[in-house]
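Visitor: A predicted structure for the sequence below; I have some questions about it.
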Amino acid sequence: MKRLVLLGASGSIGMQTIDVVLHHSDEYMIRALGVGKNIEKLREILKLVSVDTVCVQDPEDAEALAEEYPSIRFLSGEEGLCEMARLDGYDVLVNALVGFAGFLPTIAAIESGHDVALANKETLVVGGQLVYEALQKYGRRLYPIDSEHSAIFQCLQGNEKSALKRLIITASGGSFRNKTREELKDVTVEQALAHPNWSMGAKITIDSADMMNKGFEVIEAHWLFDVDYDHIDVLMHEESVVHSMVEFCDRSVIAQMGTPDMRLPIQYALSWPKRLERDEESLDLAAIGTLHFHKPDVRRFPLLSLAYEAGRKGGNLTAVMNAANEAANLAFRQGKIPFTAIEDIVITAVNKVPFREVTCIDDLVKADQWGKEFAEEWIRRIEK
């Protein structure tokens, strides 16, 4: 029985993780979980799973819930998430949080002797070097949940690292993949959230529409698999059947394919090195008929090339990029700025920030604050 701590339980990945656990109740149990402000969803979750510790965002909610559920210990805020990550008596932290908020619990889990199944890509985008060093120091493992990185992880099984030549990350292109830049000026939030292939949370769906998400995945792959940026390519693939590929030194290319369902990479991250049964329909390639691939247009998706640039330079640039994107993404979802302003804000933030090396968590916190403040000031000017 593998015991889990689940952060971000009320989100898309969190709920699908719960589904995996319930379908394999002989393999997994959730010991503790965290949600943000979605207290009604928490109540629904607590009808499905029995836990001893819960973390919510607001202390007032924690106090009220403690009276409602006297057998459960309630924590709150960032400190509560980190305390839960440091708990004894569990095996894997499943980090399904969104944004920079996922970084500190990941570090806390690793430093307290736990492996991490990671869906929070921002952890590696903002602080990949620090996470990499912590994994080496404490001898822990990071299991990827993102479908693209799970695919690469699966393709690498049984092969030597020295034989690896290139990682090929596939991209659906998101909600606006067939629109020109001129057509993007007046798109709505509802249009942006209508992803053609995947069911995901709001923030990541917007990130997919402008390819910031794919840029994040390039940086994440760099840290997960210790591969330099010159050997990580992105390939457009609208069907989302091939989730990613690996090319080896003998020019053999191994691809992982499957239906666009996040429960598969979640389950593999938890079951590795085993594979468990799934009840879903098999991939029907005959019904799909044709798969399409083409190179991404970096002029059409400038945030993808920005991610490569920031990743190569390192330092505080990726943390600033992430922070500015979080603020701009949220502002677009709130109707404060047009879709194309996200790119303007993020690109300008990375170009304007004074470069700093990152040697500790405090450096990341400062970079995150700089990026958010820069973006928020830009957003205020647009609103005027």
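Guide: Yes, it's here.
Visitor: the helix-or-strand element of the chain with minimal mean pLDDT - contacts with which helices or strands?
Guide: Across the helices and strands of the chain, mean pLDDT, DSSP states H and E gives its lowest value to helix 189-192, namely a mean of 85. Under the contact criterion of 3 or more Cβ pairs under 8 Å, 6 or more residues apart in numbering; DSSP states H and E, the helices and strands touching helix 189-192 comprise helix 202-209, helix 317-333. Using the backbone N, CA and C atoms, a C-beta is placed for each residue, glycine as well.
Visitor: ok, residues contacting the shortest one?
Guide: By Cβ atoms under 8 Å, 6 or more residues apart in numbering, the surrounding residues in contact with helix 202-209 are 98-99, 172, 174-176, 192-193, 195, 198, 200, 213-214, 216, 325-326, 329-330, 332-333, 339, 342.
Visitor: re the thing from before, most neighbours per residue, which of the helices and strands packed on helix 189-192?
Guide: Highest mean neighbour count of the helices and strands packed on helix 189-192: helix 317-333, a mean of 26 (counted as mean count of other Cβ atoms under 10 Å).
Visitor: where are the low-confidence patches of this structure?
Guide: The chain contains residues with pLDDT under 70 at 196-199, 384.
Visitor: now the strands for it?
Guide: According to DSSP state E, the chain carries its strands in the segments 2-7, 28-34, 53-56, 73-76, 92-95, 115-118, 142-144, 164-171, 232-236, 242-248, 253-257.
Visitor: may I have the strands that pair with the third one, each with its orientation?
Guide: Neighbouring strands of strand 53-56 in its sheet, by DSSP bridges, are strand 28-34 (parallel), strand 73-76 (parallel).
Visitor: which one of the ones you listed lies closest to Lys274?
Guide: Using Cβ to Cβ as the measure, strand 28-34 is the one of the strands paired with strand 53-56 that comes nearest Lys274, at 12.0 Å.
Visitor: show residues contacting the longest helix anywhere in the chain.
Guide: Of all the segments of type helix in the chain, defined by DSSP state H, the longest one is helix 361-383. Surrounding helix 361-383, the residues in contact under the criterion Cβ under 8 Å, 6+ apart are 100, 103-104, 107, 126-127, 130, 316, 319-328, 331, 336-337, 341, 344-346, 348-349, 352-353, 356-358.
Visitor: next, the buried residues of that helix.
Guide: Applying a neighbour-count criterion of 16 or more other Cβ atoms under 10 Å, one finds 363-364, 366-368, 370-372, 374-376, 378-379 buried in helix 361-383.
Visitor: try stretch 296-308
Guide: Buried residues in stretch 296-308, counting neighbours by 16+ other Cβ under 10 Å, are found at Pro296, Arg300, Phe301, Pro302, Leu303, Leu304, Leu306, Ala307, Tyr308.
Visitor: ditto for stretch 50-63
Guide: Taking 16+ other Cβ under 10 Å as the neighbour-count basis, stretch 50-63 is seen to contain the buried residues Val51, Thr53, Val54, Cys55, Val56, Gln57, Asp61, Ala62.
Visitor: so what touches that stretch?
Guide: In this structure, residues lying in contact with stretch 50-63 by Cβ under 8 Å, 6+ apart are 7, 30-37, 39, 42, 46, 65, 69, 71-77, 80-81, 83-84, 87.
Visitor: from those residues, keep the buried residues only.
Guide: Burial by neighbour count, 16+ other Cβ under 10 Å: within these this picks out 7, 30-36, 39, 42, 46, 65, 73-76, 80-81, 83-84, 87.
Visitor: ok so, going back, could you dump the helices and strands packed on helix 189-192 into TSV with distance to Lys161 added?
Guide: What follows is the helices and strands packed on helix 189-192, written out as TSV (distance: least, Cβ to Cβ, whole Å):
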stretch	distance to Lys161
helix 202-209	29
helix 317-333	24
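Visitor: do I have it right that Arg278 meets Gln267?
Guide: Yes: with contact defined as Cβ atoms under 8 Å, Arg278 reaches Gln267; the gap is 6.8 Å.
Visitor: more neighbours: which of the two?
Guide: Gln267 (27 against 16; other Cβ atoms under 10 Å).
Visitor: next, the contact list for the more buried one, please.
Guide: Shown here is Gln267, whose contacts under the criterion Cβ under 8 Å, 6+ apart are Val20, His24, Leu276, Arg278.
Visitor: give me the buried subset of those.
Guide: Val20, His24, Arg278.
Visitor: any idea how far the first one is from Gly311?
Guide: For Val20, the distance to Gly311 (Cβ to Cβ, to the nearest Å) stands at 31 Å.
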